[in-house]
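Trainee: no letters, just coordinates:
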């Protein structure tokens, strides 16, 4: 089953027989099927040691099989030894003939041989696209049943008139029409002695009683009002043209801040800045003087009361930048922080140290001051927090920095 080369020496001449195949190189095997690895030596020599090397389709060596002589130069794997087709597109088997059992010396007479086996998938060769016997029997039977019932394709004319069904009615109508007296209808049969109105007179009468119009035809000309109706529809579709223009009106809340500041601005103006005779400012100033609150008639007790009122004012009510109240409040805050930094109600925490010669030296930490002694160490009544950083040269303090955070 395998192709082979064979060579021999005769009468001191070297003869080489060309490669002869017993089977084509496109042998196909299923995955898992046994590979027929056999070699036939043409001259029947039985003392050789062939070996088959198996390669995948990427020329990677998958393994090798030693062949033993069976009969008449026919070599095959030992009994019970078999190789199966791997899941590769194809495999190549190279036969190398050795002259020793250790497979170290390759024969120079019997050359190398090659077999190729391709993977085959049985399903690839199955016929497809054909119907199963009887698959369409039911469908075809239904079609035949429809064809056998042609009445179902006939138009339903049950609602149409039957032949001669209206002959009597039509005959009666014809008789009535034939008996009409045209002159009587037009008023010219002598029964009406007056002159019948003309078409123009009828149109005039209708116009006088019901308004002008083409009473002769009773209809308008086709498309007569198309342009006007289109214009009306366009106006109706443009609803924005009927909206009021409110672009110049104030937005909601736009002047709230301005309006709320007007009363304060009016009442905080000094009276001596408005002394025009006849003005409200001048009248208010005169009224204050007359009532004893305009600077005249102030007693010593009044002065004490005024002083008390000034010093009793809350600092939070006087924070205008540059005012005495704002300055006093800032000074008070600074005094409180200064008391904390002089170690009154403070907490040192988050400390870090460095060690020099067995002595721990503070390198960083945080300092927090409190306005109430009982709150020290808590999150309540905190005045300020400071970051402390210090630098040491051995055991000497070279820098000490405290920054308010």
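Mentor: Good, I have the coordinates. These numbers come from a predicted model, not from an experiment.
Trainee: per-domain residue ranges of the protein.
Mentor: What the record gives for the chain is the domain set 4-123, 341-404, from automatic domain parsing.
Trainee: what's the closest of the ones you listed to residue 302?
Mentor: domain 341-404 (35.8 Å; Cβ to Cβ). Where C-beta positions appear, they are placed from N, C-alpha and C, glycine not excepted.
Trainee: so who does residue 355 touch?
Mentor: residue 361 (Cβ atoms under 8 Å, 6 or more residues apart in numbering).
Trainee: doesn't it fall inside a helix?
Mentor: No. Judged by DSSP: H, G, I helix; E, B strand; the rest coil, residue 355 forms no part of a helix; its state is strand.
Trainee: which residues does it bridge with?
Mentor: Counting by DSSP bridges, residue 355 forms beta bridges with residue 360.
Trainee: about what we covered before: deepest in the core, which of the domains of the chain is it.
Mentor: Greatest average neighbour count among the domains of the chain goes to domain 4-123 (a mean of 14), per mean count of other Cβ atoms under 10 Å.
Trainee: mind checking the SS state of residue 306?
Mentor: Applying three-state DSSP: residue 306 is helix.
Trainee: and the helices in the protein, which stretches?
Mentor: Counting by DSSP state H, the chain has helices at residues 137-147, 167-178, 182-186, 199-210, 226-237, 256-267, 280-290, 300-311, 324-341.
Trainee: would you mind giving these as a markdown table with mean pLDDT added?
Mentor: Shown next, in a markdown table, are those (pLDDT from 0 to 100):
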| stretch | mean pLDDT |
| --- | --- |
| helix 137-147 | 90 |
| helix 167-178 | 77 |
| helix 182-186 | 58 |
| helix 199-210 | 77 |
| helix 226-237 | 86 |
| helix 256-267 | 71 |
| helix 280-290 | 69 |
| helix 300-311 | 79 |
| helix 324-341 | 68 |
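Trainee: any chance of JSON lines for these, columns distance to residue 114?
Mentor: Formatted as JSON lines, these follow (distance: least, Cβ to Cβ, whole Å):
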{"stretch": "helix 137-147", "distance to residue 114": "55"}
{"stretch": "helix 167-178", "distance to residue 114": "103"}
{"stretch": "helix 182-186", "distance to residue 114": "118"}
{"stretch": "helix 199-210", "distance to residue 114": "114"}
{"stretch": "helix 226-237", "distance to residue 114": "88"}
{"stretch": "helix 256-267", "distance to residue 114": "100"}
{"stretch": "helix 280-290", "distance to residue 114": "124"}
{"stretch": "helix 300-311", "distance to residue 114": "118"}
{"stretch": "helix 324-341", "distance to residue 114": "98"}
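Trainee: still on that earlier bit, residue 203 is nearest to which of the domains of the chain?
Mentor: Closest approach to residue 203 among the domains of the chain (Cβ to Cβ): domain 4-123, 93.6 Å.
Trainee: ok so, going back, compare the helices of the chain and give me the one nearest residue 369.
Mentor: Checking those against residue 369 by Cβ to Cβ gives helix 324-341 as the closest, at 2.5 Å.
Trainee: and the domains of the chain: which comes nearest residue 309?
Mentor: Each of those has some distance to residue 309 by Cβ to Cβ; the shortest is domain 341-404, at 26.1 Å.
Trainee: okay, now the unreliable bits of the stretch 301-405 of the chain?
Mentor: 324, 328, 331-332, 335-337, 339-343 (pLDDT under 70).
Trainee: rewinding a little: the domains of the chain: which one's closest to residue 254?
Mentor: Nearest to residue 254 among the domains of the chain is domain 341-404; the distance by Cβ to Cβ comes to 41.0 Å.
Trainee: so how far is that closest one from its chain's centroid?
Mentor: In terms of Cα atoms, centre = their mean, to the nearest Å, the centre of domain 341-404 is set 53 Å apart from its chain centre.
Trainee: would you mind giving the domains of the chain as JSON lines with distance to residue 200 added?
Mentor: Conversion of the domains of the chain to JSON lines gives the following (distance: least, Cβ to Cβ, whole Å):
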{"stretch": "domain 4-123", "distance to residue 200": "98"}
{"stretch": "domain 341-404", "distance to residue 200": "108"}
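Trainee: for residue 136, which of those domains is the nearest?
Mentor: With Cβ to Cβ as the criterion, residue 136 lies closest to domain 4-123 of those, at 24.7 Å.
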